[in-house]
Structure formats: C-alpha cells, structure tokens
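> please work out how this folds:
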Amino acid sequence: MKNYDAVIFDLDGVITKTALVHAASWKQMFDEYLKLREQRDKELFKEFTHEKDYLPFVDGKPRYKGVESFLESRGINIPFGDPTDVPGEETACGLGNKKNVKFKSILEEKGAEVFDPAVALMKDLKANGIHIGVASSSKNCQLILQKTGLEDLFETRVDGVVSAEMGLKGKPEGDIFVTACENVGCTPDRAVVVEDAVSGVQAGKNGGFALVLGVAREGNDDDLKNNGADIVVNHFEGVNAQKIEEWLEEIKK
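Numbers count the residues shown, from 1 in each chain. Below is the predicted model of the structure:
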C-alpha cells in the first residue's frame, strides 16, 4: 500500500457486537438512578434512550466522562467522586462503576459476538503488511478480546486501563489513537482510524489521521460525516486493504 502503513480500530460496535451490551448496561443503570431521583426528590422521571441520550452523550467516551456528559444534559450535578467509589454511590464514578458491574454480568452470561467481516478485513490488512492496533475507551477491552479470541491479532492495545496509566485524554481528543499509532511505529498521516461513534471520528480527525473511516451501524451516517469521518460505510462487506488504498487516493486528489 502506497498511502498508509497502519489501521487503528475502535472495538465496541466496530469489531465486536458489545456496543449493544454497553448501551443496555447504561440504560439499566441510568433508569434506576433517575427513578431514585423521582422517588426521593420528586423529579419527573424521563427514561434514558438510545437515540437521544446514549449516542450523543455517552457513546465512545471514557466511562466517567459519559456519566458526567449525560447528567449535565439533564441539569443534574453530583460530585465526580473517585474511581474506587462503591458501585452505585451517588457520584459520577460510583454510577460509572455500577454500569460496569452490569456490563460484566451480561458479558459473562452471554459472551461477546464479533462482526465476521471486520475480522476478515483485519486479516487482509495483516496479509498486506499493514500494522493494526485497537484503541478503545473501555477498561474491559482486553477481557473482550480474550473472550472473542482476537487478542493476538493486534500489535497494540490502548484502552481505558492504559489511558489511566499514561494520563491520556479520552475521545474526542485523539490521544488513544495517536498512541496506538506510535506503538506500531507509524505516524498519523500514514494511518487510518476506524470508528462508529461521533466522539471517535472527532478523535480521529483531531489526531490528524490520513483517513477516518466511520461505521454507521446505528444509521447515523450524517452525524459521522459531519463530525470528522472522511468515508462512511454501514458494514465491512467489500472493504479490504486495496479499497482503503483507493479511498486515500481519492482524498489526495
């Protein structure tokens, strides 16, 4: 490939079908908290929805940032707390930790499915000498990769655990993608980001990547295009190393 040396993939919703598990876990946690506020504080309960709440305020963001972002949208102000807070404690960290308990419970019970065409794409990239890495906000990234048997496909993993250790900024900043890119010996101007979240395509654009490929599994084509995606697809059928090369050629013209 003349125009790129590496592809950095997001995980949830791009490679694995865990985005739906995350969304369900967020909804359970937030609805429980909002009902508590209705009973205790006489606030009108308005359920947490996928389209109006999860996608714009939570999807793709680091866990505690997602809590803060959604609560801010509802005019709810609670302490940030500490990552060691007990799950369910009335802090951003406590609520985020409760969501994670729910997510792990569903993951252990049902496992994690993968998008087979995404795996085929990664194998084609490797066969063509392209470096691949995974960058995710999730602190469960390694667990998911192990459960799906995909861990050995990637040369690097920059996730929520690594971000906390290194002090990296979460999406929409480009830190995690740039770090993954550097870990495989590449620069962003010779690399591609693949993302399904608005905050993720913003991160790819902010990181200065040669191509930001949006995956609109939620039918959110326009949102991805308007926030930094150069190309948007609904699935990976027909996408391979050569197709990405062609897209980069088109962008350069």
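> quick one, strands of the stretch 101-250 of the chain?
Here the stretch 101-250 of the chain has its strands, by DSSP state E, counting those that start in this stretch, at 131-135, 156-158, 191-195, 211-215, 231-233.
> strand partners of the fourth one, parallel vs antiparallel please.
If I follow you right, that is strand 211-215. Its sheet considered, strand 211-215 pairs with strand 191-195 (parallel), strand 231-233 (parallel) by DSSP bridges.
> highest mean neighbour count out of these?
Among the strands paired with strand 211-215, strand 191-195 has the highest mean neighbour count (mean count of other Cβ atoms under 10 Å), at a mean of 29. From N, CA and C alone the C-beta is placed, and that goes for glycine too.
> can you give the contact residues for that one?
When contacts are defined by Cβ atoms under 8 Å, 6 or more residues apart in numbering, strand 191-195 is touched by residues 4-10, 14, 60, 135, 177, 181, 200-201, 203-204, 207, 209-215, 224, 229, 244, 248.
> please check those residues and keep the buried ones.
4-10, 14, 60, 135, 177, 181, 200-201, 203-204, 207, 209-215, 224, 229, 244, 248 (16 or more other Cβ atoms under 10 Å).
> take these and keep only those in helices.
Within those, residues falling in helices by DSSP state H are 177, 181, 200-201, 203-204, 224, 244, 248.
> could you dump those residues to CSV with distance to Lys46 and pLDDT?
Formatted as CSV, those follow (distance: Cβ to Cβ, whole Å; pLDDT from 0 to 100):
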residue, distance to Lys46, pLDDT
Phe177, 34, 98
Cys181, 40, 98
Gly200, 27, 96
Val201, 28, 97
Ala203, 29, 97
Gly204, 32, 98
Leu224, 27, 97
Ile244, 42, 98
Leu248, 44, 97
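> and stretch 128-143, how far apart are its ends?
End-to-end span of stretch 128-143 (Cα to Cα, to the nearest Å): 28 Å.
> helices along the stretch 51-200 of the chain, start to end?
Ranges of helices in the stretch 51-200 of the chain, per DSSP state H, counting those that start in this stretch, are 63-73, 92-110, 116-127, 141-148, 160-166, 175-183, 198-206.
> highest mean neighbour count out of these?
The highest mean neighbour count among these, using mean count of other Cβ under 10 Å, belongs to helix 198-206: a mean of 26.
> center of the protein - which residue?
Centroid check for the chain by Cα atoms, centre = their mean gives Gly60 as the closest residue, at 3.7 Å.
> and it, how far from Ile251?
Distance, Gly60 to Ile251, using Cβ to Cβ, to the nearest Å: 23 Å.
> how about Ala180?
21 Å.
> next one: Glu51
From Glu51 to Ile251 the distance is 30 Å (Cβ to Cβ).
> before we move on, what about Pro83?
40 Å.
> those two: who's more crowded?
Neighbour count, other Cβ atoms under 10 Å: between Pro83 and Ile251, Pro83 has more, with 15 against 12.
> any idea how far that one is from Gly200?
When distance is defined by Cβ to Cβ, Pro83 is 22 Å away from Gly200.
> got it, and Phe115?
Where Gly200 is concerned, Phe115 sits at a distance of 16 Å (Cβ to Cβ).
> now do Val194
9 Å.
> overlap in contacts of those two?
By Cβ under 8 Å, 6+ apart, Val194 and Gly200 have these common neighbours: Asp10.
> switch the ones in helices among the buried ones among the contacts of strand 191-195 over to JSON lines; also include distance to Lys65.
Output for these, formatted as JSON lines (distance: Cβ to Cβ, whole Å):
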{"residue": "Phe177", "distance to Lys65": "16"}
{"residue": "Cys181", "distance to Lys65": "22"}
{"residue": "Gly200", "distance to Lys65": "13"}
{"residue": "Val201", "distance to Lys65": "17"}
{"residue": "Ala203", "distance to Lys65": "12"}
{"residue": "Gly204", "distance to Lys65": "18"}
{"residue": "Leu224", "distance to Lys65": "20"}
{"residue": "Ile244", "distance to Lys65": "30"}
{"residue": "Leu248", "distance to Lys65": "31"}
